[in-house]
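Colleague: Sequence and predicted structure, then a few things I'm wondering about:
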Amino acid sequence: MKKLFKYFLMFIALFLFVELVTNFAMKERFNNLPEYKINVTSPKIEVTENKASSYSGYIKGTITNDTGEHLRNKFLQFDFYDKDGIYLGTETQEIKIFNINEKSSFNIEYNYSNVNKIEINFTNEINKPQTKIGKLINFKLDEDVKKIGIPIGLFLGIMAVLP
């Protein structure tokens, strides 16, 4: 029984050691990402913190309605690009009601690899730039096509593998 207890303690110690080393090795280190472009002058958008790692990042800031009018159903849109200018994706924050001189904060987290540039827009609708492949063949997949096509493709792939 003592031998079993020793092995159990050694297993727990080894498990904890592996967990600590793995967490330390895999811990993402965020660096400042200085390149961002705000494409609107009104409402006023200020970025207070902009950090990125190899695989993810976040951008924080404030937006102030200095337009002199009430704004409804608008979007704060963030387009992400790599160092070659290739579009990686879009994140948005919806602003349903934005009163005159109101100040609001935003915190956008993203999971795109090797982000080098962010463009910030304030729009009425979500406008996604075409990806590099979309530019080459001028073809965009609808969200509905993706929702239907992916399960069908998976089903056909599984049927092809199974006897």
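Modeller: Received, thanks.

Colleague: following the lowest-mean-pLDDT helix or strand in the chain, which helix or strand comes up?
Modeller: Sorting the helices and strands of the chain by mean pLDDT, DSSP states H and E puts helix 132-137 at the bottom, at a mean of 45. As assigned by DSSP states H and E, the chain's next helix or strand after helix 132-137 is helix 143-161.

Colleague: Kindly export that following helix (C-alpha atoms) in CSV.
Modeller: Provided in CSV are the C-alpha atoms of helix 143-161 (Å, rounded to 0.1, in the frame of the first residue of the first chain):
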residue,chain,number,x,y,z
GLU,A,143,-22.8,32.9,-44.6
ASP,A,144,-25.8,30.6,-45.5
VAL,A,145,-23.7,28.7,-48.0
LYS,A,146,-21.1,28.2,-45.3
LYS,A,147,-23.6,27.0,-42.8
ILE,A,148,-25.0,24.4,-45.2
GLY,A,149,-21.9,23.5,-47.1
ILE,A,150,-19.6,22.7,-44.2
PRO,A,151,-21.9,20.0,-42.7
ILE,A,152,-22.6,18.5,-46.1
GLY,A,153,-18.9,18.5,-46.9
LEU,A,154,-18.1,16.8,-43.6
PHE,A,155,-20.8,14.2,-44.1
LEU,A,156,-19.5,13.4,-47.6
GLY,A,157,-15.9,13.3,-46.3
ILE,A,158,-16.9,10.8,-43.6
MET,A,159,-18.9,8.7,-46.0
ALA,A,160,-15.9,8.6,-48.3
VAL,A,161,-13.6,7.4,-45.5
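
Colleague: Pull out the buried positions in stretch 33-41.
Modeller: Judged by neighbour count using 16 or more other CB atoms under 10 Å, the buried positions of stretch 33-41 are 33, 36. C-beta here means a position set from N, CA and C on the backbone, and glycine is covered the same way.
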